[in-house]
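Student: sharing a sequence plus its predicted fold:
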Amino acid sequence: MAKEKKKYQVVVKKDLCKGCCLCVEFCKPQVLQTSENINQMGYNYAEVVDQKACTGCMICTLVCPDLVLEVYYE
Ligand code: SF4
Ligand code: SF4
């Protein structure tokens with residue numbers, strides 16, 4: 001029987017994001033990008049653009065200085 005591909009959900013608490021882009025740079029599958037919109041603090045926040053591509057590597061959560069990102073297993 002073929003193994004089912006695991007699904008992950010990335011959540012960005014956008015109003016806590018200071019738009020440093022570290023997560024965007026470190027996410028190899030390019031799940032994240034910097035939004036053209038700004039958050040409550042006036043920063044272009046990180047947003048999820050390709051949820052299905054997430055491998056659940058958790059690197060984004062490790063590089064974010066402000067604990068803005070959470071990754072869930074669906
Ligand atoms: S868990 Fe890995 S693949 Fe998923 S968004 Fe974060 S860095 Fe990208
Ligand atoms: S690393 Fe954190 S603070 Fe920086 S852009 Fe990503 S979510 Fe925002």
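Tutor: Ah, there it is. Ligands and ions are numbered 1, 2, ... in the order given.
Student: quick one: low-confidence residue ranges for the protein.
Tutor: Applying pLDDT under 70 to the chain flags the ranges 1-3.
Student: top strand in it by residue count?
Tutor: Secondary structure assigned by DSSP state E gives strand 32-38 as the longest strand of the chain.
Student: the very next helix or strand once past that one near ligand 2 anywhere?
Tutor: Going down the chain from strand 32-38, the next helix or strand is strand 44-48, by DSSP states H and E. Yes - residues of strand 44-48 contacting ligand 2 under Cβ under 6 Å from any ligand atom: Ala46. (C-beta placed from N, C-alpha, C; glycine too.)
Student: helices or strands up against strand 44-48?
Tutor: strand 8-12, strand 32-38 (3 or more Cβ pairs under 8 Å, 6 or more residues apart in numbering; DSSP states H and E).
Student: to ligand 2, which of these lies closest?
Tutor: strand 8-12 (5.8 Å; Cβ to the nearest ligand atom).
Student: what's next to the closest one, contact-wise?
Tutor: The contact list for strand 8-12 (Cβ atoms under 8 Å, 6 or more residues apart in numbering) reads 31-32, 45-48, 51, 54-56, 60, 68-74.
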